[in-house]
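Visitor: One predicted model, sequence on top.
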Amino acid sequence: MRLNLSFLLAAASLQSASARRAPTANVASSKRAFLKNVPSIQSLLPLHIRGGNVPVLSSPQSLTQASTLDSSDAPLITDIEMLSNMLAEVVLRENPVVYDYYTRFRKLGMDRAANPNDPEPFQLMKQLAIDIGPRDTLGVMKTFCIALNLVNAAEVHHRMRLIRENERGLEHVHVGPLPMVEDGIRGTMEILLEEGNSKDKIFERLLRQKNEIVLTAHPTEVNRKTILRKYRIISELLAYLERPDLHPFERAEALNNLRGIISAIWGADEIRRVKPTVQKEAAGGCAVIESVLWDAVPSYLRKLDAQCRVTLGKKLPVDAAPVKFASWIGGDRDGNPNCTPEVTVEVVTHQRLRAAKLFLSDLNELYSELAISSRFSKELEELAASVKQSDDAREKYRRVIGHLRKRLVRTIKECEYKLHSLSDSAIHFVSAEKTYGALEGWEDVEPIMKSDDLMTPMRIIYDSLVQTGFELVADGLVSDIIRRIAVFGMTLVPLDIREESTKHTLALDAITRYLGMGSYKEWDEEARLNWLQSELNNKRPLFRIRDIEQNILRLDPDVKKTLMVFKIASELDPESLGAYVISQGQTASDVLAVMLLQKQFGMTKANGKLMRVVPLFETLNDLTNSPQQLEKLFRYVTAYHISNKVRKMLSTIFYSPPIFFLA
């Protein structure tokens, strides 16, 4: 009962407070006064959405604990109240007892928020939480969870609403493709220009930006994709309802859709009851890319390009990729025994399959769009002539695109075959022929395995369109596909591998013992560094790789698994490899140990498979000692092992303390 009591008391208070954390009208403002604040008012009249005989839950009178309200928050109040009343309809119909408890808790929570110094509402909430039964407690908790998520959906829409309204309120000269936010790209450009930086210098620095966003499958993220998608649709429907040209029937239909979605959320189980496999977690990461990032990234880059033209007078290169993505899902084996080397291969292959299908879908659309039969560049003529079998004789863009489609189908078929040979995964893969129709001749072409195999012909198509007067066509889907290739490549995301530092220590200890050199684990730091540096400069391998597979070294199963990770990584395409992350990084030898194991398995700069090593300093002591360890590391490493460009300290904020790493 103690857990139920704490949750119910928190939820009852938080629903009022959370609904009031909306951005104020100066969300796009800054201390540099880019925007003018919208005048605030002391109060707002209650706004109600009435319908049927369902009781209307009155809205609280303020969005924050402040004594004043901002006029721009009125639409948010309306949206929250409308969604709350729709939820109330569902709960009242399905479970009147839970509805009664929910409304009583909510009213007491709002009373406490309005009068924080009055102890009576809190005492009444405590007594109500004690009296409620377990089954009704679950219903009330679920209602509050849905209510708070509906508030979040309304806030997502409200943020975009405020940005648009503030942009419309600016003078015409200040309106741009990107919002005027100080900590955004446009705001940063304005600040740098004010400080006297030249446009050329700003543009050059922008092109040098490389930001990598890493996808992870954290255990606290238990929400189902289907539920998250429903809340996203709710935000989209709220935007749709604001259209001034809506027909009354269209509005009524949208409201009914909202009611239906909320009813479906109430009837669904919001969390997964069975722990997902690593493969399913990776499929969820792919779903994020497919449903959000695949469209959002080129859309953002189009706006960035337009902003560069407006502010800096320069066009962003069509293949510029200031933002990229990576993933830990399928490579993070720290504390996850299910993430085996075989699973890593399966995840990488699945990501390549999804990338090929996404690009094939894009090229199907582009094939329908580019029915141009005249004016081609010399390079495009030569590329089209190299395609031997095609029905597109005069429409040479289609001739090239048709050939690329066949190569992607071949890629899909090879990935599907490999996945079926790896395991009987619960993830089902649809035949490329069934999905996209028969593209005759795909068996006779080569698959597309590298980004350049797709980027090169797409750049020839783009350049040809620009040179022959079809620049507006080139700036459409062709540009979007090129940007997707630059950001996602043929693997969607490179896979980072993560392992705990002691695993490498135990692996090297087993090797040194087998070689009769003593116990690596018992050596001090200086002895480890001297031996590692010596072996890194030695062309002789420590052992034959087949000795591990045949278990000639008689390794412990965990040690063998650690070494097999490097073997699997050495067999992957370089584009599939990201960083090698060392959890619980403490010393310089932790980094050199991974460098040596990569060398042992033939992962070098020459073949492009040398992964950058990322030690995570996670404890307070490790963070304190990290500067000395990095200085020691740089004294021992040579240009072959680590280049100047990676001698940077980056930081990231995880769910607990800051973790510093070398990248």
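Guide: Yep, that arrived.
Visitor: From here on, just use CA atoms for contacts and neighbour counts.
Guide: OK.
Visitor: if we look at the strand or helix carrying residue 201, which residues are touching it?
Guide: Taking DSSP states H and E as the criterion, the element that holds residue 201 is helix 199-208. Judged by CA atoms under 8 Å, 6 or more residues apart in numbering, the contacts made with helix 199-208 from elsewhere in the structure are 189, 192, 193, 308, 312, 313, 314, 320, 322.
Visitor: so the nearest residue to the fourth one once chain neighbours are set aside, which of the three states?
Guide: When you say that, I think you mean residue 308. Computed as CA to CA, 6 or more residues apart in numbering, the closest residue to residue 308 that is not its neighbour in sequence is residue 314, at 5.6 Å. When states are read from DSSP: H, G, I helix; E, B strand; the rest coil, the local structure at residue 314 comes out as coil.
Visitor: Look at residue 314 and report its pLDDT.
Guide: Residue 314 is assigned a predicted lDDT (pLDDT) of 91.
Visitor: circling back to that earlier point, the contacts of helix 199-208: which two are farthest apart?
Guide: The most widely separated members of those, counting by CA to CA, are 193 and 320 (22.1 Å).
Visitor: between the two, who's got more neighbours?
Guide: The neighbour count for residue 193 versus residue 320, taken as other CA atoms under 10 Å, is higher for residue 320 (18 against 15).
Visitor: Alpha carbons of stretch 513-529, as PDB, please.
Guide: Below are the C-alpha coordinates for stretch 513-529, written out as PDB (Å, rounded to 0.1, in the frame of the first residue of the first chain):
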ATOM      1  CA  ARG A 513      49.400 -17.400 -19.300                       C
ATOM      2  CA  TYR A 514      49.100 -19.700 -22.300                       C
ATOM      3  CA  LEU A 515      52.200 -18.100 -23.800                       C
ATOM      4  CA  GLY A 516      54.100 -18.700 -20.500                       C
ATOM      5  CA  MET A 517      54.600 -15.000 -19.900                       C
ATOM      6  CA  GLY A 518      52.900 -14.800 -16.500                       C
ATOM      7  CA  SER A 519      49.700 -13.200 -15.400                       C
ATOM      8  CA  TYR A 520      48.700 -10.000 -17.200                       C
ATOM      9  CA  LYS A 521      46.100  -9.400 -14.500                       C
ATOM     10  CA  GLU A 522      48.700  -9.400 -11.800                       C
ATOM     11  CA  TRP A 523      51.100  -6.900 -13.600                       C
ATOM     12  CA  ASP A 524      51.200  -3.300 -12.400                       C
ATOM     13  CA  GLU A 525      50.100  -0.500 -14.800                       C
ATOM     14  CA  GLU A 526      53.600   0.300 -16.000                       C
ATOM     15  CA  ALA A 527      54.300  -3.300 -16.800                       C
ATOM     16  CA  ARG A 528      51.000  -3.600 -18.700                       C
ATOM     17  CA  LEU A 529      51.700  -0.500 -20.700                       C
END
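Visitor: what does it rub up against?
Guide: Outside of stretch 513-529, the residues within contact range by CA under 8 Å, 6+ apart are 505, 506, 508, 509, 510, 512, 553, 587, 588, 589, 592, 636.
Visitor: Please compute how far stretch 564-581 lies from its chain's middle.
Guide: Put simply, stretch 564-581 sits 21 Å off its chain's centre (CA atoms, centre = their mean, to the nearest Å).
Visitor: mean confidence score for that stretch?
Guide: Model confidence over stretch 564-581, given as mean pLDDT, is 90.
Visitor: list the buried ones in that stretch?
Guide: Of the residues in stretch 564-581, 564-567, 569-570, 573-581 count as buried by neighbour count, 16 or more other CA atoms under 10 Å.
Visitor: So residue 530 versus residue 116, what's the distance?
Guide: 64 Å (CA to CA, to the nearest Å).
Visitor: Where does pLDDT dip in this protein?
Guide: Low-confidence regions of the chain, defined by pLDDT under 70, span residues 1-70, 169-175, 182-183, 218-223, 270-272, 423-439, 636-663.
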